[in-house]
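# how would this look folded up:
(one chain, ligands or ions: 1)
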Amino acid sequence: MTRYEGRVALITGGASGIGKETAKRIAAEGGTVVIADLQDDAGAAVVTEIQSHGGSASFVHLDVTSEDGWASAVATVLDRHGRLDVLVNNAGIGDTEPLEVTTSQTWDKVVAVTQTSVFLGMKAAAAALKASGNGAVVNISSMYGIVGSGVSPAYHAAKGAVRLLTKTTALGWAKEGVRVNSVHPGFIDTPILGETDRDALIAGTPMGRLGRPEEIAALIAFVASDDASFATGAEFVADGGYTA
Ligand code: NAD
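From the prediction side, this is the model:
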């Protein structure tokens, strides 16, 4: 497939899990990808993997909580490729505790990485995405940005905020040639699950299995492509039926 020929995509959290599979997918469809992450070695390994399959990829070190870091990362993309067409705000971390024992430090960290990063990223990339003439942003929220779970207050708050930050930015940019949508995964088999009891997650999922990062990557690649050219401000859920 060549849906992404001539297009340049910046993917945060691209060194692991969903971001890694998204980078591989977009590169396999002819796109030029820039992987932005804290993990330099893992990011470089993804670049090598993509290049070994004939794809175009490079890495930029980015802490998504840093406004200066974002300015530098976008400048790097423009220096390397002269354009930016797609931004995938995917980097995120979670909390797992009940509200009563969640520290304000945990709250601040999760909100910074999972929510404020999306604001900073869209702000830093706005001019380049508008200049693209066919820009697309995909913000990775969660099914936990739609429904609660009883714990993880910072994660739910941040992912819910990403959902509406997406919608209001989509409306603001609707006449400027930049589509902005959110993707809401269910339980996906990636390192973010950590020590979580996977059997419990599977039991809670109507389809009776975890999602694969490749399945979310395919959805992200659709949403950011011209195949979704009339979709903006929309939320795309892939959760094995969890929120149905
Ligand atoms: P993952 O842990 O495999 O990948 C997350 C990546 O983000 C890592 O490469 C990590 O280094 C990077 N990252 C973390 N903090 C960063 C920072 N400050 N700056 C730059 N990069 C940073 O997890 P994943 O499952 O692939 O998660 C990707 C996104 O999908 C996250 O936003 C997550 O909340 C969301 N999500 C995941 C699931 C799931 O079950 N896996 C479900 C719903 C939503």
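# now do the strands in the protein.
In the chain, the segments counted as strands under DSSP state E are 8-12, 32-37, 56-61, 86-89, 135-140, 178-185, 235-238.
# just the C-alpha atoms of the longest one, please, in PDB.
Once non-C-alpha atoms are left out, strand 178-185 reads as follows in PDB (Å, rounded to 0.1, in the frame of the first residue of the first chain):
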ATOM      1  CA  VAL A 178      -5.800  19.800   9.500                       C
ATOM      2  CA  ARG A 179      -8.000  16.900  10.800                       C
ATOM      3  CA  VAL A 180      -7.700  16.000  14.500                       C
ATOM      4  CA  ASN A 181      -9.100  12.800  15.900                       C
ATOM      5  CA  SER A 182      -8.700  10.500  18.900                       C
ATOM      6  CA  VAL A 183      -8.200   6.800  19.100                       C
ATOM      7  CA  HIS A 184      -9.400   4.900  22.200                       C
ATOM      8  CA  PRO A 185      -7.700   1.400  22.700                       C
END
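# on that earlier part again, highest mean neighbour count out of the strands of the chain?
Ranked by mean neighbour count, the strands of the chain are led by strand 86-89 with a mean of 30 (mean count of other CB atoms under 10 Å). In this view, the C-beta of every residue, glycine as well, is placed from N, C-alpha and C.
# for the longest helix seen in the chain, which outside residues touch it?
Assignment by DSSP state H gives helix 153-173 as the longest helix of the chain. Helix 153-173 is contacted from outside by 89, 92, 94-95, 98-99, 102, 106-107, 109-111, 114-115, 118-119, 122, 126, 129-130, 135, 137, 139-142, 144-146, 148-149, 179-182, 184, 232-235, using CB atoms under 8 Å, 6 or more residues apart in numbering.
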